[in-house]
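Engineer: Quick one, what's the 3D model for this:
(one chain, ligands or ions: 1)
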Amino acid sequence: MIQDYVQLVERISKATGKEEDEINRLVEAKRAKLSGLISREGAAQIVASELGINFDKAKVKINEIMQGMKKINIVGKIIRMFPVRSYETENRKGKIGSFILADETGNIRTVLWDTNHIELIEKGEIKEGDMVEITNSNFRNTELHLTGFSDIKKSQEKIENVKTEQEFFERKISELKVGGSFKIRAVIVQIFEPRFFEVCPECGKKVINDVDGSKCSEHGKVIPKKRSLLSLVLDDGTENIRAVLFSEQIQNLNLKEEDLEGEDFLKKREELLGKELFFSGNVRQNKLFNNMEFFISGIGEIDIDKLIEVLEK
Ligand SMILES: [Zn+2]
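Structural biologist: Numbers count the residues shown, from 1 in each chain. Reported below is the predicted structural model:
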């Protein structure tokens, strides 16, 4: 997809009737908005897409999809099909179909609203494992959406090694939405006292303790495994969010089980406060406090060299 920048601007200009200078300004504004973390060519592609230009039905790869893109054409493999759901609001009722679409660069949750498309799923004409070609879809939040103007059909193309690991979208905290999978770069501004609980070693469910010892509702009497839970507040300058992490991820903060109690914890807490890291995870609604919570499933160091490399591209 990488094209010569000058050539791209020419094509956008021709297609829209806008002056090349104006397009250059739009591209620079787009790059500034994305903190320069994108090439001029990449920014030009986004500008083109926002202006509604479709370059000869060019197809994009999943990792090229950016906020604001419309009329997206893409080929991918359905790696997971979800059951069709019905919905009803005050004004509308209908069905929603969804699946995870993958190519060699990533995967994305894809949502279908059109009854004709949903029928293809219900009849089994489009199913898990199929390669499909989608045209004229839109990117919304973190998902690909197909409306009545979109099209989906089986494709003969083949993609080796589709990416099946969950995708996390890099976002600012102020942009996080419940239900999404995100990666944020944030500073730990608060760490609460760890909490401990016991779970069944078989299924991970919380055990019930009584006079007979520990019991799992499914596995009966068990020797429970100890689990810890740590709550943090993360801040990236746009907003802050409460975050939760469990044993495995606590270890990724360089905290050992024995560090979580007493004096050791206070010392470790001092070291961690103010630290900036990448956190990936899912956003859920905390029903009790009615706020959003970030469930951390991955932690990564910020590699300054890598960031510079991206900026220079
Ligand atoms: Zn169990």
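
Engineer: Stretch 42-50: how far from the chain's middle?
Structural biologist: Distance, stretch centre to chain centre, for stretch 42-50: 21 Å (CA atoms, centre = their mean, to the nearest Å).

Engineer: And the residue nearest to L26 when sequence neighbours are not counted, how close does it get to G76?
Structural biologist: In space, and not counting its chain neighbours, L26 is closest to V47: 4.8 Å by CB to CB, 6 or more residues apart in numbering. In short, each C-beta sits where N, CA and C put it, glycine included. Per CB to CB, to the nearest Å, V47 is found 24 Å from G76.

Engineer: Tell me which of these two has more neighbours.
Structural biologist: For V47 versus G76, the count of surrounding residues by other CB atoms under 10 Å is larger for G76: 30 against 25.

Engineer: Direction included, what does the helix or strand hosting that one pair against?
Structural biologist: Using DSSP states H and E, G76 sits in strand 72-88. Partners of strand 72-88 in the sheet, by DSSP bridges, are strand 93-103 (antiparallel), strand 131-140 (antiparallel).

Engineer: which ones are touching the residue of the stretch 1-150 of the chain at minimum distance from the ion?
Structural biologist: Closest residue of the stretch 1-150 of the chain to the ion, CB to the ion: R80 (26.1 Å). By CB atoms under 8 Å, 6 or more residues apart in numbering, R80 lies in contact with 99-100, 128.

Engineer: How about Q249?
Structural biologist: Q249 sits in contact with 296-299, where contact means CB under 8 Å, 6+ apart.

Engineer: Can you show me the CA trace of the top helix by length along the chain as PDB?
Structural biologist: What stands out as the longest helix in the chain, according to DSSP state H, is helix 20-33. Extracted in PDB, the C-alpha atoms of helix 20-33 (Å, rounded to 0.1, in the frame of the first residue of the first chain):
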ATOM      1  CA  GLU A  20      -2.600  20.300  -3.400                       C
ATOM      2  CA  ASP A  21      -1.600  22.900  -0.800                       C
ATOM      3  CA  GLU A  22      -4.800  22.300   1.100                       C
ATOM      4  CA  ILE A  23      -4.300  18.600   1.000                       C
ATOM      5  CA  ASN A  24      -0.700  19.000   2.300                       C
ATOM      6  CA  ARG A  25      -2.200  21.100   5.200                       C
ATOM      7  CA  LEU A  26      -4.800  18.400   6.000                       C
ATOM      8  CA  VAL A  27      -2.100  15.700   6.000                       C
ATOM      9  CA  GLU A  28       0.200  17.800   8.400                       C
ATOM     10  CA  ALA A  29      -2.800  18.500  10.600                       C
ATOM     11  CA  LYS A  30      -3.600  14.700  10.700                       C
ATOM     12  CA  ARG A  31       0.000  13.900  11.600                       C
ATOM     13  CA  ALA A  32       0.000  16.500  14.300                       C
ATOM     14  CA  LYS A  33      -3.200  15.100  15.700                       C
END
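
Engineer: after it, next one along is what?
Structural biologist: Where DSSP H and E defines the elements, the next helix or strand beyond helix 20-33 is helix 40-50.

Engineer: what angle do that following helix and strand 131-140 make?
Structural biologist: Relative orientation of helix 40-50 versus strand 131-140 (axes from the mean of the first three to the mean of the last three CA atoms, to 10 degrees): 80 degrees.

Engineer: how distant is helix 40-50 from the center of its chain?
Structural biologist: On the basis of CA atoms, centre = their mean, helix 40-50 is displaced by 21 Å from the centre of the chain it belongs to.

Engineer: ok so, going back, bridged to the residue of the stretch 1-150 of the chain closest to the ion, which residues?
Structural biologist: R80 has these beta-bridge partners by DSSP bridges: I100.

Engineer: Report pLDDT for it.
Structural biologist: At R80, the model reports a pLDDT of 89.

Engineer: Could you confirm K177 falls within a helix?
Structural biologist: No - using DSSP: H, G, I helix; E, B strand; the rest coil, the secondary structure at K177 is coil, not a helix.

Engineer: Extract the C-alpha set from the helix or strand of the chain with the lowest mean pLDDT and format it as CSV.
Structural biologist: Ranking every helix and strand in the chain by mean pLDDT, DSSP states H and E puts helix 304-312 at the bottom, with a mean of 73. Extracted C-alpha coordinates of helix 304-312, given in CSV (Å, rounded to 0.1, in the frame of the first residue of the first chain):
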residue,chain,number,x,y,z
ILE,A,304,12.4,4.6,23.8
ASP,A,305,14.6,3.4,20.9
LYS,A,306,11.6,1.7,19.3
LEU,A,307,9.4,4.8,19.7
ILE,A,308,12.0,7.0,18.1
GLU,A,309,12.2,4.5,15.2
VAL,A,310,8.5,4.8,14.6
LEU,A,311,8.7,8.6,14.8
GLU,A,312,11.4,8.7,12.2
